[in-house]
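[1] Let's see this in three dimensions:
(one chain, ligands or ions: 1)
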Amino acid sequence: MLTSPDPKKRGVLIRRLLRYREMLPGSLVFTHTRCGKPRCLCAQGEQLHPVCQFIAKVGGKTKTIYIPQDLIPWVQEKFALYKAFQKDVAEIGRINLDILDAKKAQFRERKTHPARRS
Ligand SMILES: [Zn+2]
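    Numbers count the residues shown, from 1 in each chain. This next block holds a predicted model:
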């Protein structure tokens, strides 16, 4: 299906990219874990400790980064930037695919009606 390309919107999205400079790419995971102390309740599998981890790919390897309680809101904010960035990049890609479709349609039109060339 051919939709009309929107290069103006693409310009708006590109100018918005600056706001993503502090984004944190990866995923944020809230889970429960044992602390390792043998006398803690968690050792018997009861009352596991809540932890926040940030999972990131660094040089092709998955890295799990423990996030201290006080830093969770900061990490959440930077992670939200990453999600918004991904959404905008996908939108830019869709606009560029629409432009490709429009260019192909123009090309076909010129091939079938060479006299109408402008
Ligand atoms: Zn424990």
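[2] wait, doesn't residue 7 sit right on residue 99?
    Yes. The pair residue 7 and residue 99 qualifies as a contact (CB atoms under 8 Å) at a distance of 6.9 Å. C-betas here are computed from N, CA, C, even on glycine.
[3] Tell me which of those two has more neighbours.
    Neighbour totals were compared for residue 7 and residue 99, and residue 99 leads with 15 against 11 (other CB atoms under 10 Å).
[4] The ion contacts on the chain?
    35, 40, 42 (CB under 5 Å from the ion).
[5] Tell me which residue is most central in this protein.
    Ranked by distance to the mean C-alpha position of the chain (CA atoms, centre = their mean), the top residue is residue 86 at 3.0 Å.
[6] Surely that one is within a strand?
    No. Counting by DSSP: H, G, I helix; E, B strand; the rest coil, residue 86 is not found in a strand; it is helix.
[7] Quick check: the gap between it and residue 92.
    Taking CB to CB, to the nearest Å as the measure, residue 86 falls 11 Å from residue 92.
[8] Show me where this structure has its strands.
    For the chain, the strands defined by DSSP state E occupy 27-33, 49-58, 61-67.
[9] Tell me where the model's unsure across this structure.
    1-3, 115-118 (pLDDT under 70).
[10] Try it again at 90.
    When residues are selected by pLDDT under 90, those of the chain lie in 1-17, 45-46, 58, 106-118.
[11] And for the closest residue to residue 53 other than its chain neighbours, the neighbour number?
    In this structure, residue 53 finds its nearest non-sequential neighbour in residue 29, 4.8 Å apart by CB to CB, 6 or more residues apart in numbering. A count of neighbours around residue 29, defined by other CB under 10 Å, yields 12.
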